[in-house]
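Q: Show me how the following folds:
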Amino acid sequence: MTSTTRTPTEKPDLSCLNERLQQRLMEMAAAEAAARQHALALLPAGNRRAALRKLQLRHTRELEAIVADHGWPTGPVVGEESSAYCLQLLLVCGDLAFQIRCKALIERAVAAGECHAVHYAFISDRTAVALGARQQFGTQIDPVTTRPYPIEDSESVDQRRRSVGLAPLVEVLEGYRARRLQADAPTRNDMDPKPLDRQAIAPHRPVVGRTAPGSGARG
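A: Numbers count the residues shown, from 1 in each chain. You can find the predicted model right below:
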């Protein structure tokens with residue numbers, strides 16, 4: 001029988017680990033989506049958040065452990081779909097300090113060609129708005145006004161959006177408003193206090209050797 005013992009210079013086979021991470025991230029995203037849907041069906045509004053926030057807190061702690069052990073879960077590691085799910089979990093986690101740490105990891109992954117720049121755009125905007133700064137890409141939408149939170153140099157926002165693969169902002173806003181009207185979603189006390197154009201977070205081809213757009217700007 002052939003020995004499977006590794007020498008100290010050999011790299012471990014991470015395929016099984018990657019598959020487990022991939023599956024777990026998909027499970028977490030599915031659970032969060034189900035909890036959100038359930039919460040939206042509950043009244044009064046004050047009771048809608050508790051179960052969802054509790055689940056998101058557990059997911060945040062688990063995601064922190066994953067990132068601490070393995071770094072940011074990029075497409076080459078867990079697959080593009082699971083990496084996008086991971087970003088979604090990060091965006092709604094509510095832990096700003098953790099989001100800021102992951103923003104730096106995502107920025108480096110984009111520069112290394114292991115993560116699409118659109119992921120940086122979302123987390124950059126998310127943390128900027130949370131800090132009271134202007135966002136760069138217009139991904140964060142005020143649920144009350146259905147307009148983006150303040151944007152840095154708004155005249156060139158579509159140019160920045162195009163550079164990371166996002167649709168023009170006016171198209172996204174039209175779709176966002178139409179979906180809210182169709183679903184008769186609440187305009188206040190939204191389950192996500194800073195909504196975003198979620199449909200844009202999808203598997204993307206990583207941009208090899210590309211630095212994160214706007215990484216030198218505020219937010």
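Q: all helices of the protein, in order?
A: Assigned by DSSP state H, the helices in the chain fall at 15-40, 50-70, 75-78, 80-91, 96-111, 117-130, 157-163, 169-183.
Q: I'd like to know which of these is closest to residue 139.
A: helix 117-130 (4.5 Å; C-beta to C-beta). (Glycine included, C-beta is placed from N, CA and C.)
Q: I'd like to know which elements the closest one is packed against.
A: With contacts taken as 3 or more C-beta pairs under 8 Å, 6 or more residues apart in numbering; DSSP states H and E, helix 117-130 sits against helix 80-91, helix 96-111, helix 157-163.
Q: now that helix, how far from the centre of its chain.
A: Mean C-alpha position of helix 117-130 versus that of the full chain (C-alpha atoms, centre = their mean, to the nearest Å) differs by 8 Å.
Q: now the angle from that helix to helix 96-111?
A: Angle, helix 117-130 to helix 96-111, by axes from the mean of the first three to the mean of the last three C-alpha atoms, to 10 degrees: 150 degrees.
Q: In stretch 119-133, which residues are buried?
A: 119-130, 133 (16 or more other C-beta atoms under 10 Å).
Q: Closest to residue 68 out of those?
A: Comparing the buried residues of stretch 119-133 against residue 68 with C-beta to C-beta places residue 123 closest, at 17.5 Å.
Q: OK, contacts around that closest one?
A: Residues in contact with residue 123, defined by C-beta atoms under 8 Å, 6 or more residues apart in numbering, are 87, 90, 91, 99, 102, 103, 106.
Q: The third one against residue 122, yeah?
A: This means residue 91. Yes: Residue 91 lies in contact with residue 122 (C-beta atoms under 8 Å); the separation is 6.1 Å.
Q: Just give the closest residue to the residue most central in space within the chain, not the sequence neighbours.
A: With distances taken as C-alpha atoms, centre = their mean, residue 87 lies nearest the centre of the chain, 2.8 Å away. Computed as C-beta to C-beta, 6 or more residues apart in numbering, the closest residue to residue 87 that is not its neighbour in sequence is residue 119, at 5.1 Å.
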